[in-house]
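Engineer: fold the stuff below for me.
(2 chains)
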Number of protein chains: 2
Amino acid sequence: MTLETVSTTKAHGGVLGVYKHASAATATPMTFSVFVPPQAQAGAKLPVLLYLSGLTCTHANVTDKGEYRRLCAELGLIFVAPDTSPRGEDVADDPAGAYDFGLGAGFYVNATQEPYAAHYRMWDYVSQELPALLAAHFPVDIARMGITGHSMGGHGALTLGLTYPETFKSLSAFAPIVAPGQVPWGHKALGGYLGDDRAAWRAHDATALVEDGKRPAGAILIDQGDADGFLAEQLRPDLFATACEAAGVDLTLRLQPGYDHSYNFISTFMDDHLRWHAARL
Amino acid sequence: MTLETVSTTKAHGGVLGVYKHASAATATPMTFSVFVPPQAQAGAKLPVLLYLSGLTCTHANVTDKGEYRRLCAELGLIFVAPDTSPRGEDVADDPAGAYDFGLGAGFYVNATQEPYAAHYRMWDYVSQELPALLAAHFPVDIARMGITGHSMGGHGALTLGLTYPETFKSLSAFAPIVAPGQVPWGHKALGGYLGDDRAAWRAHDATALVEDGKRPAGAILIDQGDADGFLAEQLRPDLFATACEAAGVDLTLRLQPGYDHSYNFISTFMDDHLRWHAARL
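Structural biologist: Residues are numbered from 1 along each chain as shown, chains lettered A, B, ... in the order given. As a prediction, the model looks like this:
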């Protein structure tokens, strides 16, 4: 597991780095960013938060616009932002080049359908390969790892957090896709990557996972802007709230008045999410 | 003075907007961003900070990466980020398309040389037109206006702040060009915009302005990373410090160990600069 350092920069007393490696899971190069706060300089192993990004994003969007470094430096929290899909000339994209499937839109699944199965294995990448890589190369206490994400990345965080509560000890999401089996983005993505058998979709649908008995390590925090243009058709946090309530899952769902789907929404509530994870890790 | 709203988004309880207008100073369209914190909702007129950006930037760089909104929302400070030059098909650029002259590199002067004199009038734009526009369209108390900036924008902030202390009541800079008459970036820019008469350059050289008797409204704060690749050749804060010391100008110059010239440096010390201005406005 060789790691190439693309860049490092001092920020808020810590080190912001961008790294690249040959991924075994996706069989492509993968790039991610890591912020290591100043507490690591004393030799401490620190808790780590994975942030999964949304459609069209790379590691760079939240790294540029997420406004997480100041508080991570205060809390002593490592923050990791992976890419949203495999990339490269031999990686199959959406046939029409659409933004919501293929490159930049891996939906955090292991694809079973051709021509996507060869490289679209973001589920394994985030749950297995990336944590092992972090444990090997950074001062992380991998037993204290949380996960969060935005939109498609919120979907990834919820499905991974519900499936692997021993791996992801804290869980939150910003404006997540919570029920891909019931919304257009999800129909396209899960159909394209996993095929037409909807039973297979349930393992990648946070609402279905809760219905089917999966439980997170602890409470879940979700923030959602009520001026988010995707709220009514694609996000539907009400579906997840209903499932959580029926199952006794401790969900804090906050509808934030006036906020949209952008990084201005994410950065506004980033502090709350960082404190949520730090308190549980 | 008609203002076109390009976009508005809720952020940190306030409103982040991008606006466009036909500038009388530059005779081009000009774009800028404004963050109005939540205190304005009560009808208050608020202090305002202008942030001038560096080479190659538009209003968008600091708006995306500056991490100023959280604390501006706490302090009740309006934050305004203009563009760095006129733009448009009929605006003359560097003949070779270089990054350090022409588009994205107006150096906050009124050009006297052809073909730049027609549009490159950023001095008038920032000192006259933009404040009038802000006073007309936003809840600003224009008597409480400060100015800051980065690199070329730090040069703009210092020269404008020293020349118009009645307009700019507080002053700071991040890694500014402080003596353009003595460094390569400045030789090219001031020569290109103002011509070969070096006497004319002194009005746009912060170190020369202090030597020639100009005084800021109050104390000046400058942060400078000591790992900044431009420090020794282009920035030279020591030249400004010497002039300030000789003139009795109250300068706090902080050399920050390990920091480079990027927005990771700026965002790290943004809070300190916002508090510096809020305390003086």
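
Engineer: now do the contacts for the closest residue to chain B within the stretch 151-281 of chain A.
Structural biologist: Going by C-beta to the nearest C-beta, chain B is nearest to residue A:264 of the stretch 151-281 of chain A, at 3.8 Å. All C-beta spots, glycine's among them, are computed from the backbone N, C-alpha and C. Residue A:264 sits next to B:9-12, B:16, B:69 when contact means C-beta atoms under 8 Å, 6 or more residues apart in numbering or on different chains.

Engineer: with residue A:165 instead?
Structural biologist: Applying C-beta under 8 Å, 6+ apart, we find residue A:165 in contact with A:215-217.

Engineer: tell me the buried residues within these.
Structural biologist: For the contacts of residue A:165, a neighbour count by 16 or more other C-beta atoms under 10 Å in any protein chain shown gives the buried set as A:216-217.

Engineer: pull up the residues of chain A that are close to chain B.
Structural biologist: Contacts of chain A with chain B, taken as C-beta under 8 Å from any C-beta of the partner chain, map to A:9-13, A:16, A:64-65, A:67, A:69-70, A:225, A:227, A:258-260, A:262-265, A:267-268, A:271.

Engineer: just the buried ones from those?
Structural biologist: For these, a neighbour count by 16+ other C-beta under 10 Å gives the buried set as A:9-13, A:16, A:64-65, A:67, A:69-70, A:225, A:259-260, A:262-265, A:267-268, A:271.

Engineer: among the contacts of residue A:264, which are within reach of chain A?
Structural biologist: B:9-12, B:16, B:69.

Engineer: ok, back up a step: just to be sure, which of the buried ones among the residues of chain A next to chain B are found in strands?
Structural biologist: Per DSSP state E, strands hold the following members of those: A:9-11, A:16, A:225.

Engineer: farthest-separated two in those?
Structural biologist: The most widely separated members of these are A:10 and A:225, with 32.7 Å between them, by C-beta to C-beta.

Engineer: can you get me a residue count around the nearest residue to residue A:120 once chain neighbours are set aside?
Structural biologist: Spatial nearest neighbour of residue A:120, chain neighbours left out: residue A:111 (3.8 Å); criterion: C-beta to C-beta, 6 or more residues apart in numbering or on different chains. By the criterion of other C-beta atoms under 10 Å in any protein chain shown, residue A:111 has 24 neighbours.

Engineer: now swap in the one 10 residues further on and tell me
Structural biologist: The number of residues packed around residue A:121, counting by other C-beta under 10 Å, is 25.

Engineer: check contacts around it.
Structural biologist: Applying C-beta under 8 Å, 6+ apart to residue A:121 gives the contacts A:25-26, A:86, A:110-111.

Engineer: relative to residue A:171, how far out is it?
Structural biologist: As for residue A:121, its distance to residue A:171 is 22 Å (criterion: C-beta to C-beta, to the nearest Å).

Engineer: next one: residue A:260
Structural biologist: Going from residue A:260 to residue A:171 by C-beta to C-beta gives 23 Å.

Engineer: got it, and residue A:23?
Structural biologist: Distance of residue A:23 to residue A:171, computed by C-beta to C-beta: 24 Å.

Engineer: these two: who's more crowded?
Structural biologist: More crowded of residue A:23 and residue A:171, by other C-beta under 10 Å: residue A:171, with 26 against 23.

Engineer: chain neighbours aside, what residue packs nearest to the more buried one?
Structural biologist: Leaving aside its sequence neighbours, residue A:171 sits nearest to residue A:161 (C-beta to C-beta, 6+ apart; 3.7 Å).

Engineer: so the closest residue to chain B within the stretch 1-150 of chain A bridges to which residues?
Structural biologist: Nearest residue of the stretch 1-150 of chain A to chain B: residue A:11, at 3.8 Å (C-beta to the nearest C-beta). Here residue A:11 shows beta-bridge partners residue A:14, assigned using DSSP bridges.

Engineer: what score does it have for pLDDT?
Structural biologist: On pLDDT, residue A:11 comes in at 98.

Engineer: which stretches of the stretch 51-200 of chain A form strands?
Structural biologist: Along the stretch 51-200 of chain A, counting by DSSP state E, counting those that start in this stretch, strands occupy A:78-82, A:140-149, A:170-174.

Engineer: out of those strands, nearest to residue A:239?
Structural biologist: strand A:170-174 (13.7 Å).

Engineer: just want the angle from the closest one to strand A:140-149.
Structural biologist: Going by axes from the mean of the first three to the mean of the last three C-alpha atoms, to 10 degrees, strand A:170-174 is angled at 30 degrees with respect to strand A:140-149.

Engineer: who are the packing partners of strand A:170-174?
Structural biologist: strand A:140-149, helix A:152-163, strand A:220-225, helix A:263-280 (3 or more C-beta pairs under 8 Å, 6 or more residues apart in numbering or on different chains; DSSP states H and E).

Engineer: comparing these, which comes out most buried?
Structural biologist: Most buried of these by mean neighbour count (mean count of other C-beta atoms under 10 Å in any protein chain shown) is helix A:152-163; its value is a mean of 28.

Engineer: quick one on the thing from earlier: and the gap between the residue of the stretch 1-150 of chain A closest to chain B and residue B:262?
Structural biologist: Distance, residue A:11 to residue B:262, using C-beta to C-beta: 8 Å.

Engineer: tell me the contacts of the residue lying closest to residue A:256 once chain neighbours are set aside?
Structural biologist: In this structure, residue A:256 finds its nearest non-sequential neighbour in residue A:225, 5.0 Å apart by C-beta to C-beta, 6+ apart. By C-beta under 8 Å, 6+ apart, residue A:225 lies in contact with A:175, A:231, A:255-256, A:258-261, A:265, B:10.
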